[in-house]
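S.K.: need a structure here:
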Amino acid sequence: MRIHLFAAVIVACLAQPARAHHSFAAEFDITKPVTLVGKVTKIEWTNPHAYLFVDVADPQTGAVTNWEVEMGSPNGLTRLGWTRTALKPGDAVTIEGSAGRNKSNLANARSVVMTATGKKLGAASSEGGAGR
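M.R.: Alright, predicted model coming up:
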């Protein structure tokens, strides 16, 4: 009996927590490209994905919607030239990417262009693994 209890404790201590991670195709639709033009409201530099939040005005109604834009990992972004201070709230950007499947204001970025400088940065998107 003790050996079973000991084995259970060892297994519990060694077990690593499972991390849920979605596939690109489950969350985003490659057949629905989006171009978002707006101002950054927030940046989350977190793993496994960094996120930009951008206020985008509807060109017809002027109504503003805050979009959640998923990018790659901070490490992937750093390799593409990003820094934590590359963008800040209030910066104007143009984002090209793919729309979310189940949320109307969600996208995955392929690229981000900083309006002030014209500099285009890749977004370390996982779209390439989506079976293009």
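S.K.: Run through the bridge partners of the spatially most central residue of the chain.
M.R.: Geometric centre of the chain, nearest residue: Glu70, 1.5 Å, by C-alpha atoms, centre = their mean. Beta-bridge partners for Glu70, by DSSP bridges, are Tyr51, Asn108.
S.K.: do you know how far it is from Ala116?
M.R.: 23 Å (C-beta to C-beta, to the nearest Å). For every residue, glycine as well, the C-beta is placed using N, CA and C.
S.K.: Likewise for Asp58?
M.R.: From Asp58 to Ala116 the distance is 23 Å (C-beta to C-beta).
S.K.: show me the contacts for the residue nearest to the centre of the chain.
M.R.: With contacts defined as C-beta atoms under 8 Å, 6 or more residues apart in numbering, the neighbours of Glu70 are 27-28, 49-51, 106-109.
S.K.: Neighbours of Trp67, how many?
M.R.: 23 (other C-beta atoms under 10 Å).
S.K.: per-residue pLDDT, it?
M.R.: On pLDDT, Trp67 comes in at 98.
S.K.: going on from the helix or strand where it lies, what's the next piece of helix or strand?
M.R.: If you go by DSSP states H and E, Trp67 is part of strand 64-70. Using DSSP H and E, the helix or strand that follows strand 64-70 in sequence is helix 74-79.
S.K.: Alpha carbons only: can I get the helix or strand hosting Ser98 in PDB?
M.R.: Using DSSP H and E, Ser98 sits in strand 92-100. Output of strand 92-100 as PDB, limited to C-alpha atoms (Å, rounded to 0.1, in the frame of the first residue of the first chain):
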ATOM      1  CA  ALA A  92      -0.900  54.700 -35.400                       C
ATOM      2  CA  VAL A  93      -0.500  51.300 -37.200                       C
ATOM      3  CA  THR A  94      -1.700  49.300 -40.200                       C
ATOM      4  CA  ILE A  95      -2.000  45.600 -39.500                       C
ATOM      5  CA  GLU A  96      -2.500  42.900 -42.100                       C
ATOM      6  CA  GLY A  97      -3.600  39.500 -41.000                       C
ATOM      7  CA  SER A  98      -6.400  37.000 -40.800                       C
ATOM      8  CA  ALA A  99      -9.800  37.300 -39.100                       C
ATOM      9  CA  GLY A 100     -10.800  35.300 -36.100                       C
END
